[in-house]
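Undergrad: What shape does this take:
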Amino acid sequence: MKKNLTLFLVLVFTTGLFATGQSDSVVKGQDLSLQKAKYMFLFIGDGMAMPQITATEAYLSANRASAPGVEKLAFTQFPAQGLTTTYDAGSFITDSASAGTAIATGSKTLSGVINMDETRTKELKTIAEYAKESGRKVGIISSVNLDHATPACFYAKEESRNNYFNINMQLAHSNFDYFAGGMVRVDKTPEGQKSAHDLMQDNGWLMASNRDELNALVPSDKQVYAYYNSSFTRNSLDYAIDMEPEDISLAEYTAKGIELLSANEEGFFMMVEGGKIDWACHANDAAASIHNTIAFDNAVKEAIKFYQAHPEETVIIVTGDHETGGLTLGFAGTKYDSAFAEIDKQLMSYEAFDHYILTPYKESHKEGGELADILPEIEKNFGLSDLTDYELEMLVSAFYRSMGSEVNESSKTQDYLLYGGYEPLTMTITHLLNQRAGLAWTSYSHTGVPVQTFALGAGEELFNGYYDNTDIFKKMYQLLFPEITVALAQ
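TA: The predicted structure follows:
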């Protein structure tokens, strides 16, 4: 049976590689003595590149050391480290759908496309699907909605990442074993049709929507959908900076996934996405990004615990899909100085400030208000006191924009450059705090800088060097199926 399965996968993989013109890059230079990874973890920090990682390490150091420096995260201490390019088939700056497709399938595609080629006519097979066919169990975990672009790139095929209903139907009909994290977008279900939740329940999935239900799960042959709908960030986990004790963390979902999937004799493949790093960086919220990078690292630590018990059979890969926000460690106003401890003064995310403070204020002051009413909350939650004339001027201008002052046509471009479509007051608050820390942003979108890739465990050495994001798929395939790699090379 195993011999037939191996032959089948050789034929399928060889056909797919020649069809996409990738066979040479996979076959040449193989190390035919590679260890087999029975257990594979792929961690993707969405929007996480060198600036996000370094800002987090500098923040940790600033809170625990008197001299400038960094305090290493767990995954930045991995022995294998590389740089990865991220451009897609149509743009130097990728989006999460095309970047996720490249990592999951080894093929470039256009922004917005999930696991289809750039003509949108050919479906592409994912590393998770190959792993499932080999008898491994598969888990997909994310801190954002599970039908968002990155998690969807491991189970769905869709012309547009915005086709949420189609994507979550594919999740509900998949044969993967463990989905956990944010909810699928059931609000996108057309009237009169069953939602993905309905279908999973009809098909006997185990559903866990709180910590008690999650803790009660034990290894079985049943598929699991473990989701947490937080207090106000619908369909995703709260930002780590906003989490309450009852909230379920990315690390907890990862630990439960390991418990459920590791009982399988054939091993497992698990993809874990730290999706809210990206969301925080789109909003230029350095503190939210930093705390979510720490939360992401805590999830990696759960995999490290498993690796320590199975070092010869486990590989952990950590990467990003792209950089978000154009974060820089340095600001014109602070010149050569940095003050990363300033970040610690922020007690809530931009989103929580909007939800709990600014929105209620706007609703109760529809005839107008004064910045002085909110300044105590700004000082309490962001530490912005002793304001300079420049800072106060920026806050006053943003306050009146948030309260609905009109913007003429000629100033709309300036408005976007200042606020990026977010609440003007909230955006100005985080910008000013970031600048005090010595951090700055260039974009509310993605950028084209390379990301870092790290690896620990079986075949870790493959991930050293400078390579493209499509090569991550090829390296993962080599480690999951070294016997097929040998057959191809021979």
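Undergrad: gap between residue 343 and residue 96?
TA: Counting by C-beta to C-beta, to the nearest Å, the gap from residue 343 to residue 96 is 25 Å. For every residue, glycine as well, the C-beta is placed using N, CA and C.
Undergrad: Who has more neighbours out of these two?
TA: Ranked by neighbour count (other C-beta atoms under 10 Å), residue 343 and residue 96 place residue 96 first, with 28 against 25.
Undergrad: So for the helix ranked longest in the chain, what gets flagged as buried?
TA: Across the chain, the longest stretch assigned as helix under DSSP state H is helix 286-309. Buried positions in helix 286-309, judged by neighbour count with 16 or more other C-beta atoms under 10 Å: 286-300, 302-304, 306-307.
Undergrad: and if you look at stretch 247-265?
TA: In stretch 247-265, counting by 16+ other C-beta under 10 Å, buried: 248-258, 260-262, 264.
Undergrad: biggest separation within those residues, which pair?
TA: 249 and 264 (24.2 Å; C-beta to C-beta).
Undergrad: Domain boundaries for this structure, per the record?
TA: What automatic domain parsing lists as the domains of the chain is 2-327+445-489, 329-440.
Undergrad: which stretch in those domains is the model least sure about?
TA: Confidence, taken as mean pLDDT, is least for domain 2-327+445-489 of these (a mean of 91).
Undergrad: do you know how far the residue of the chain most remote from its centre is from residue 401?
TA: Computed with C-alpha atoms, centre = their mean, the residue of the chain farthest from its C-alpha average is residue 367, at 40.5 Å. For residue 367, the distance to residue 401 (C-beta to C-beta) stands at 17 Å.
Undergrad: next one: residue 370
TA: 14 Å.
Undergrad: if you skip the residues just before and after it, what's nearest to residue 95?
TA: residue 111 (4.0 Å; C-beta to C-beta, 6 or more residues apart in numbering).
Undergrad: Can you give me the distance of that neighbour to residue 55?
TA: 26 Å.
Undergrad: neighbour-wise, which of those two wins?
TA: residue 55 (26 against 19).
Undergrad: Give me the distance between residue 194 and residue 379.
TA: Relative to residue 379, and taking C-beta to C-beta, residue 194 is found at 50 Å.
Undergrad: top strand in this protein by residue count?
TA: Using DSSP state E to assign secondary structure, the strand with the most residues in the chain is strand 137-145.
Undergrad: who does that one touch, helix- and strand-wise?
TA: Helices and strands touching strand 137-145, by 3 or more C-beta pairs under 8 Å, 6 or more residues apart in numbering; DSSP states H and E, are helix 127-133, helix 149-152, strand 178-182, helix 250-261, strand 268-274, helix 276-282, helix 286-309.
Undergrad: Kindly calculate the angle that that strand makes with helix 250-261.
TA: 160 degrees (axes from the mean of the first three to the mean of the last three C-alpha atoms, to 10 degrees).
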